Structures are given as C-alpha cells and as structure tokens.
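# Have a look; sequence and predicted model below, questions after that.
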Amino acid sequence: MTHRITVAAAQLGPIQLAEPREVAVGRMLRLMEHAHRRGVELVVFPELALTTFFPRHYHERLKDMDEWFETEMPSRETAPLFDAARRYRIGFHLGYAELTEEPDETGRLRKRRFNTAILVSPAGEILLKYRKVHLPGHAELDPARRVQHLEKRYFEVGNLGFPVIRAPMGKVPGLNMGLLICNDRRWPEAWRVLGLQSVELVMLGYNTPSTNQTPGVFEAHHLRVFHSHLSIQAGCYQNACFAVATAKAGVEDGCELFGHSIIVNPQGEIIAQAGSWGDELITADCDLEMCRLGRTTVFAFEKHRRPEAYRRIVEQVGAVEPNVWQGRT
Ligand code: CDT
C-alpha cells in the first residue's frame, strides 16, 4: 500500500478584465497536460482561477457582478477541466466565485454568493467543497484607496465550516484532504480545525497584492511574501501536514499580485517554490509517512492539547485589554 503522492501547484499568471473564462481554462488545460507528463496525481489551481480578481472593482448593485460568478459546476466553460481529470486520471482543486440559490438562516430562499473551492477526483466527481471563511477587505467603496478590495461586499462568510475528506487520490487508497482559501492561511484557528480532523494535505489558492494597499500604510514587499510563507509553513508544522499553496500572480488590471507558490512538508520546510510570476507548474513527491512524526510526538493532540484553557478562542472575537498591574512603582 503506497503512502506517496506526487502533487503540483499550477500557478497562473494574470487574467485581465476582458479575458473570457475559455482563455483561463485553456491555460489550465496546458498545465494539466504538463502535469500529466510529469507524473502528477493532484493539481492545485489558485483562488478565483477563472477570472481576474474582480473584488478590486466596485459596483453598487450586486447583481451587476453576476457575470463573475459560476452558477453551476461543471459548466460549459469548466467541463474541459473535468474531462482532462478523467483523461489523465489526475485530481484537481479549483477556486471560483459561486452564485447559488439557497435558504438563508431564516429559511428564506435567496441568491447567495461565496468565494468557493472544490476538490475534484480523478473520475471527475466533486469530493469536497469549501466556502471561504476569512474574507479580507471592506464592503463599501473606499475613495482613499487606489485599489479596492471588496470581498466583504461580494461574498458571504462561508457556511460549510472547514471540512476534511478521506478519499483515494493517485495511488494512495485513503488521503485526508482539506481546503483553505487565501486569507484563511494567515489564521492558525483555521489550520487547527483541519488538524483536528487529521488532515494530511491542505490545498489553498491565493490572490495577494504585492503591496499593502491600505491608505497611509507602508509594508516592505519582501515581508508580504515572508508572511505568506511563514503562515503556511507554521500551519504545516503545527498540524503535521503537507500543503500546496498556489498563487494567481503578475500584473492583473494594472495591479501586482505576488507569485512564490509553494509546497510545504510537515516539518514546515518548503520543498518546491515557483520562480516566476506567470503560468508555472511546480511539483513535489510527498511521503505521507512524514505526517506521523509530529502527530505522535510534539503535536499528539490527544495527549497535549488543553481545550479547557482555550475558551477565549471561541467565545471572544476582538482583543481586550489585559488587567493593569496595580503594584507599587
Ligand atoms: N484574496 C485574499 O484573501 N487576499 C488577501 C489580501 C489581504 S489584503 C486585503 C490575503 O490575505 O492574501
């Protein structure tokens, strides 16, 4: 019984505003073919992989944004990806904007929009769906910003939790797989919820501006990449899992997104990294036995976790000020 799988991050270069889905899908098909030739068994595409990163564009009415959303999966435009999966016997992960009609918390059926990722089996079946929980940015037009980041306007907070599925993938009879999307990678809580389901491989895509666009704020470029890698490497180490983290990169609509896609092992080491900000496939052979060390020693959760001391994590959202020392000075 094998415990090895060859995985790939299929980084995409920029997708411009006027580019139709067929162009992006054509590029993804070339990457899948390339992956097949390199013996890859699972390919990870980025967040919102079918279009430009449209949350940088403001529209007053939500329904004017519907053209950016998928109402079915697979659709006419995305079906070739599912066909390629079956042809090459490769699984894939895809991020896209999802428009669905579902009951809300009150039971009323209405249009709902999510930033979504799916995991598709080599037989072309959807194994797992995740809707992004940590939505960055803002909901209203911010005239002080040069570039908007309107995820909080266009998407609802994901309502599927952080699911993990065990399924055959490649030659591995059962692999525990979980999904995050972009900003989620910065939140240790998200990783730990996956870790608590014995995740062995986390897949995530991202669209991350290479500069901090908050007005009046400066952040050094290299630190933006460092913080992305730091979060993913820490998530892998602390939860004894592998991760494939894939960028949409380059200058899109005049805005720069960084690349630096990576594959990380359970020791937190980067074992493959993209060297361009364009379409690029990076691959790694993952020995899933490597997950065992962390989860049977330092991070044997069942022995060492102390949830009774972590209540604040789920009962409180923002930070509060600590007690002030009342001793003599
Ligand atoms: N797409 C996405 O989540 N991007 C964010 C940018 C943060 S700045 C608003 C990220 O965390 O990479």
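Sure thing, it's come through.
# from here on, contacts and neighbour counts on C-alpha atoms
Fine.
# Up against the ligand, what does the stretch 51-200 of the chain have?
The interface of the stretch 51-200 of the chain toward the ligand, taken as Cα under 6 Å from any ligand atom, is made up of 136, 137, 149, 182, 183.
# Tell me the secondary structure at the residue of the stretch 151-300 of the chain found nearest the ligand.
Minimum separation of the stretch 151-300 of the chain from the ligand (Cα to the nearest ligand atom) falls at residue 183, amounting to 3.4 Å. For residue 183, the assignment made with DSSP: H, G, I helix; E, B strand; the rest coil gives helix.
# need the contact list for residue 290.
For residue 290, the residues meeting the contact criterion (Cα atoms under 8 Å, 6 or more residues apart in numbering) are 240, 265, 266.
# Same question for residue 221.
Remark: with contacts taken as Cα under 8 Å, 6+ apart, residue 221 is in contact with 210, 211.
# Use 638 as the first number from now on
New numbering, starting at 638: the last item is residue 858.
# That one and residue 849: what is the separation?
As defined by Cα to Cα, to the nearest Å, residue 858 lies at a distance of 8 Å from residue 849.
# circling back to that earlier point, just put the residues of the stretch 688-837 of the chain next to the ligand in CSV and tack on pLDDT and neighbour count.
CSV is the format used below for those (pLDDT from 0 to 100; neighbours: other Cα atoms under 10 Å):
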residue, pLDDT, neighbour count
773, 98, 13
774, 97, 16
786, 97, 26
819, 98, 24
820, 98, 18
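# what two of those have the greatest distance between them?
Taking Cα to Cα, the two most distant members of those are 786 and 819; they sit 13.4 Å apart.
# How about stretch 836-849, which residues are buried there?
Within stretch 836-849, the residues that qualify as buried by neighbour count (16 or more other Cα atoms under 10 Å) are 836-848.
# Off-centre distance for that stretch?
How far stretch 836-849 lies from its chain's middle: 5 Å, per Cα atoms, centre = their mean, to the nearest Å.
# Just the terminal-to-terminal distance for it.
From the first residue to the last, stretch 836-849 extends over 32 Å; the measure is Cα to Cα.
# okay but residue 715 is in contact with residue 664, surely?
No: counting by Cα atoms under 8 Å, residue 664 is not a contact partner of residue 715; they are 12.0 Å apart.
# which of those two has more neighbours?
residue 715 (18 against 15; other Cα atoms under 10 Å).
# Name the residues of the longest helix seen in the chain that come out as buried.
Of all the elements of type helix in the chain, the one with the most residues (DSSP state H) is helix 858-876. Neighbour-count burial for helix 858-876, with 16+ other Cα under 10 Å as criterion, is recorded at 861-862, 865-876.
# Switch those residues over to TSV; also include distance to the ligand and pLDDT.
Listed next are the buried residues of helix 858-876 as TSV, based on distance: Cα to the nearest ligand atom, whole Å; pLDDT from 0 to 100:
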residue	distance to the ligand	pLDDT
861	9	97
862	10	98
865	7	98
866	11	98
867	13	98
868	10	98
869	12	99
870	15	99
871	15	99
872	15	99
873	17	99
874	20	98
875	20	98
876	20	98
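# Most widely separated two among those residues?
Greatest spatial distance in the buried residues of helix 858-876: 861 and 876, 22.9 Å, computed using Cα to Cα.
# what's downstream of the longest helix of the chain, the next helix or strand?
Moving toward the C-terminus from helix 858-876, the next helix or strand (DSSP states H and E) is strand 879-884.
# sec struct for residue 729, please.
Under three-state DSSP, residue 729 comes out as strand.
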